[in-house]
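>>> got a sequence here, can you build the structure:
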Amino acid sequence: MKKMNAQKGIPISPLLSSMENAVEKSKTNFIAKKRLLQVSGLSIAVAVAISLIAKFLITLINVVTNIAFYGTFDPAFHSPANNHLGLWVMVIPAIGGILVGFMALYGSKAIRGHGIPEAMEQILTNQSKIKPSITFLKPVSSAIAIGTGGPFGAEGPIIATGGALGSTLGQLFKITSNERKIILAAGATAGMSAIFGTPIAAVFLAIELLLFEFSPRAILPVALACITGAAGHHLLFEAGPVFPMPNLEIPTNGALAIYSGIGLVVGFVSLGITKIVYYIEDAFEKLPIHWMWWPALGGLAVGVIGYFAPHTLGVGYDNIISVLSGSVAIVLILRLFFFKFLSWAIALGSGTSGGTLAPLLTIGGAGGALLGAGVLYMFPNSGISIPMAALIGMSSMFTGASRAYLTSIIFALESTGQFNALLPLLGACTASYLVSFFLMENTIMTEKIARRGVATPDSYEPDLLAKLTVSEVISQDGEILNPESTIEDIRNWIAANKNTEEYFIVADKEGDYNGIVKLTDIYKHDTDIKASIKTIVQPSSLYVKGDDSLRNAVEIISAEAIEALPVLDDNKIIGLLSYKDIVKAYHLYHDENDRVNVHISLKRQRLKVLIKGKGMFKSKA
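Predicted coordinates:
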């Protein structure tokens with residue numbers, strides 16, 4: 001720093017001590033950790049509640065299924081595929097669609113759709129505020145839709161219900177919108193964990209599709225909620241893998257290459273499936289009837305398909321287990337692959353209350369099994385197995401359609417307990433992700449909200465403001481003004497030195513910091529130019545240190561509605577930080593990282609080698 005008519009970098013003894021600043025930081029950290037405990041407690045409470053709701057939802061689906069297809073009031077699971085209704089089976093899903101349409105019209109339109117995209121939209125556009133009525137309307141409408149034959153799983157509705165419950169609880173307490181987002185994500189993923197018993201995959205789902213950040217304040221509450229949801233699953237459902245399958249052997253390198261190829265093919269299939277689903281949804285939008293009747297039309301299509309392919313009706317978790325077993329006839333797998341997709345795509349496009357995860361797993365598993373069977377037919381000694389191929393297809397289908405890369409891999413491992421499948425899953429899901437990333441702008445989760453103008457983050461980079469320190473940003477060529485100087489003297493000095501600074505620090509002869517003065521205040525037309533500069537100075541007790549993060553400085557500037565902050569180090573004024581410095585740092589950082597450079601020139605290295613080589617043959621004089 002330079003002092004007007006004085007030496008550079010003068011020592012000062014500011015009125016503010018660094019001890020006060022440290023105490024304030026300590027107090028802030030304590031409050032932040034206290035709030036983290038509060039948010040974690042609320043997340044656990046939501047997880048307990050959603051575990052019970054998950055059990056209620058599964059029971060309600062079973063009850064509705066047994067009433068609709070067997071005429072009995074029974075909470076036990078019975079597949080609708082075994083019904084004896086004949087042609088009447090075509091009507092049952094349509095009746096369910098009518099009921100869902102009425103609930104959407106007179107209850108809330110928000111019960112329609114996939115579940116996860118709706119939660120994402122509320123997080124990104126509405127400060128994570130979801131209507132409390134969704135907490136009971138979504139599970140009831142989903143139970144009716146699935147129980148009457150809808151080709152969906154229970155996980156989508158329970159994720160939406162958990163998110164609604166978390167959001168509702170977050171609106172009852174005095175918390176920030178970001179904390180409400182965390183509780184919403186905790187409720188949604190705890191619901192997934194309660195259904196499948198996959199807490200680690202649920203945490204990754206929160207990171208990849210809901211939170212859009214990775215930080216202790218977000219991960220800890222979500223992880224605690226997912227652990228609680230998993231405990232609820234083991235208590236209320238079963239303790240083993242939700243999709244048991246034969247033990248898988250560690251594959252050879254050749255088999256790994258084939259499994260990766262299967263993932264690549266399934267990635268292309270997932271791209272086509274996503275486009276067809278939204279094509280059907282667009283077709284329903286063009287129908288000349290009220291949207292309330294669309295679920296009934298979709299249900300009628302589900303019923304017709306279900307008459308010819310009964311295993312497409314209902315949740316279909318038993319179908320996934322059958323496909324993963326590798327003991328189902330190829331013809332049946334082919335029928336399941338095609339008709340399950342057709343039934344689900346029409347039902348989902350009609351806007352009924354459903355989800356995407358279980359159908360994608362079923363279709364992907366069937367597709368992987370078919371590809372594996374084809375490879376074995378052509379190359380019997382390839383070393384692959386149909387159960388592994390089905391698991392690969394199941395996981396890579398979800399990866400390609402949603403781009404939830406880590407979630408897909410971990411879910412496959414947790415839901416089956418087959419950890420020998422890690423490397424094949426990694427290769428296949430990477431291949432599927434590559435196809436999705438390069439060829440599909442939006443995913444099955446984001447396409448709907450993208451059409452409404454809502455952009456979703458596609459990367460989770462470290463916070464630039466947290467990475468940079470104040471000393472890396474400020475200019476060292478600022479000026480320190482004497483408070484006893486007149487405004488006229490300051491004007492003359494600025495003109496003589498052609499100074500372009502917009503802010504100046506004011507400090508007295510003893511080096512005590514007085515405040516900041518703006519260039520515009522110095523040149524105000526009604527200012528008494530004979531008055532001293534201290535008459536227009538803006539006193540402030542705020543400052544930052546050189547080793548403080550830029551984030552800390554921005555928080556102070558934003559909270560206090562100021563445009564600049566003095567920077568002190570070892571009781572010396574070292575600079576002045578303005579909002580322009582912050583913007584400049586942002587652009588410089590991104591320019592530096594995006595600039596294409598060659599730092600090692602192979603041509604230059606070859607020349608050096610040649611020069612040194614020639615020197616080896618020179619004789620010494």
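>>> which residue ranges of the stretch 451-600 of the chain form strands?
479-481, 503-507, 513-518, 544-545, 564-569, 572-578 (DSSP state E, counting those that start in this stretch).
>>> which other helices and strands contact the second one?
When contacts are defined as 3 or more C-beta pairs under 8 Å, 6 or more residues apart in numbering; DSSP states H and E, strand 503-507 packs onto strand 479-481, strand 513-518, strand 572-578. (Glycine included, C-beta is placed from N, CA and C.)
>>> what's the average pLDDT for stretch 119-132?
Mean pLDDT, stretch 119-132: 77.
>>> kindly check the end-to-end length of that stretch for me.
From its first residue to its last, stretch 119-132 covers 13 Å (C-alpha to C-alpha, to the nearest Å).
>>> ok, residues contacting that stretch?
The contact list for stretch 119-132 (C-beta atoms under 8 Å, 6 or more residues apart in numbering) reads 108, 110, 159-160, 163-164, 167-168, 170-171, 177, 180-181, 183-185, 188, 209-210, 212, 445-446, 449, 452, 454-456.
>>> with stretch 205-213 instead?
Here stretch 205-213 makes contact (C-beta under 8 Å, 6+ apart) with 116, 119-120, 123, 163, 181-182, 184-186, 188-189, 192, 214, 218-219, 222, 226, 402-407, 445, 456-457, 460.
>>> please repeat the previous calculation with a cut-off of 6 Å.
Residues outside stretch 205-213 that contact it (C-beta atoms under 6 Å, 6 or more residues apart in numbering) are 185, 189, 214, 218, 222, 404, 407, 457.
>>> list buried residues within the residues you listed.
Listed as buried from the contacts of stretch 205-213 are 185, 189, 218, 222, 404, 407; burial here means 16 or more other C-beta atoms under 10 Å.
>>> ok, those residues vs residue 320, which is closest?
residue 407 (16.7 Å; C-beta to C-beta).
>>> just the C-alphas of stretch 502-515, formatted as CSV.
Only the C-alpha atoms of stretch 502-515 are listed here, as CSV (Å, rounded to 0.1, in the frame of the first residue of the first chain):
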residue,chain,number,x,y,z
GLU,A,502,-12.6,4.2,-6.9
TYR,A,503,-12.0,3.6,-3.2
PHE,A,504,-9.3,4.8,-0.8
ILE,A,505,-8.4,3.8,2.8
VAL,A,506,-8.1,6.6,5.3
ALA,A,507,-5.6,6.3,8.2
ASP,A,508,-4.1,8.9,10.6
LYS,A,509,-0.5,9.6,11.3
GLU,A,510,-0.4,6.9,14.0
GLY,A,511,-1.6,4.4,11.4
ASP,A,512,-5.0,4.0,12.9
TYR,A,513,-7.6,2.9,10.3
ASN,A,514,-10.4,5.5,10.0
GLY,A,515,-12.5,4.1,7.2
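>>> give the buried residues for it.
Neighbour-count burial for stretch 502-515 [16+ other C-beta under 10 Å]: 503, 504, 505, 506, 507, 511, 513, 514, 515.
>>> so which of the residues you listed would you say is closest to residue 69?
Nearest member of those to residue 69, counting by C-beta to C-beta, is residue 503, at 75.0 Å.
>>> which one is that closest one nearest to, not counting chain neighbours?
Closest residue in space to residue 503, ignoring its immediate chain neighbours: residue 564 at 4.4 Å, by C-beta to C-beta, 6 or more residues apart in numbering.
>>> angle of the longest helix belonging to the chain against strand 564-569?
The longest helix of the chain (DSSP state H) is helix 18-70. Orientation check (axes from the mean of the first three to the mean of the last three C-alpha atoms, to 10 degrees): helix 18-70 against strand 564-569 gives 120 degrees.
>>> so residue 366 is in which element?
For residue 366, the host element (DSSP states H and E) is helix 357-378.
>>> got it, and residue 128?
Per DSSP H and E, residue 128 falls between elements, in no helix or strand.
>>> who are the contact partners of residue 161?
Going by C-beta under 6 Å, 6+ apart, residue 161 touches 53, 138, 139.
>>> with neighbour count and distance to residue 202 added, can I get these in TSV?
Compiled in TSV, those are given as follows (neighbours: other C-beta atoms under 10 Å; distance: C-beta to C-beta, whole Å):
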residue	neighbour count	distance to residue 202
53	24	15
138	33	18
139	28	18
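>>> still on that earlier bit, of the buried residues of stretch 502-515, just say which sits nearest to residue 356.
Within those, distances to residue 356 taken as C-beta to C-beta reach their minimum at residue 503, with 53.6 Å.
>>> list just the nearest of the contacts of residue 161 to residue 278.
residue 138 (21.8 Å).
>>> check contacts around that closest one.
Shown in contact with residue 138 (C-beta under 6 Å, 6+ apart): 111, 157, 160, 161.
>>> over to residue 134?
Each residue near residue 134 by C-beta under 6 Å, 6+ apart is listed here: 110, 164.
>>> ok, back up a step: ok, which of the strands of the stretch 451-600 of the chain comes nearest residue 73?
Of all these, strand 544-545 comes closest under C-beta to C-beta, at 67.9 Å.
>>> contact partners of that closest one?
470, 553, 565, 567, 569.
>>> by pLDDT, rank those and give me the bottom one.
pLDDT across the contacts of strand 544-545 is lowest for residue 569, at 72.
>>> my guess is that one contacts residue 548. True?
No. Using C-beta atoms under 6 Å, residue 569 makes no contact with residue 548, being 9.9 Å away.
>>> can you list contacts of the host helix or strand of residue 298?
Element membership for residue 298, per DSSP H and E: helix 294-308. Under the contact criterion C-beta under 6 Å, 6+ apart, helix 294-308 has outside partners 89-90, 93-94, 96-98, 100-101, 149, 284, 312-313, 339, 343, 346-347, 350-352.
>>> report the buried members of the residues you listed.
Buried among these (16+ other C-beta under 10 Å): 89-90, 93-94, 96-98, 100-101, 149, 284, 312-313, 339, 343, 346-347, 350-352.
>>> quick one: contacts for residue 388?
Counted by C-beta under 6 Å, 6+ apart, residue 388 has contacts residue 248.
>>> hang on, the earlier thing: closest one of the contacts of residue 138 to residue 231?
residue 161 (18.5 Å).
>>> okay, the closest residue to residue 265 other than its chain neighbours and residue 327: tell me how far apart.
In space, and not counting its chain neighbours, residue 265 is closest to residue 371: 6.0 Å by C-beta to C-beta, 6+ apart. For residue 371, the distance to residue 327 equals 17 Å [C-beta to C-beta, to the nearest Å].
>>> out of the contacts of residue 138, which one has the lowest pLDDT?
In terms of pLDDT, residue 111 ranks lowest among those, with 77.
>>> need the contact list for it.
104, 137, 138, 141, 353.
>>> quick one, phi psi at the second one?
To tie it back to what came earlier, the one meant is residue 137. With angles defined as degrees, to the nearest 10, residue 137 shows backbone torsions of phi -70, psi -40.
>>> tally of neighbours for it?
By other C-beta atoms under 10 Å, 21 other residues sit near residue 137.
>>> secondary structure class for residue 438?
Following DSSP: H, G, I helix; E, B strand; the rest coil, residue 438 is assigned to helix.
>>> so it versus residue 520, what's the distance?
From residue 438 over to residue 520 the distance is 51 Å, taken as C-beta to C-beta.
>>> just to revisit the earlier point, residue 371 and residue 327: who's more crowded?
residue 371 (24 against 10).
>>> touching, that one and residue 262? I think so.
Yes. Look at residue 371 against residue 262 with C-beta under 6 Å: they come within range, at 4.9 Å.
>>> count of neighbours near residue 279?
By other C-beta under 10 Å, 11 other residues sit near residue 279.
>>> can you confirm it is in a helix?
Yes. Assigned with three-state DSSP, residue 279 falls within a helix.
>>> pLDDT at it, what is it?
92.
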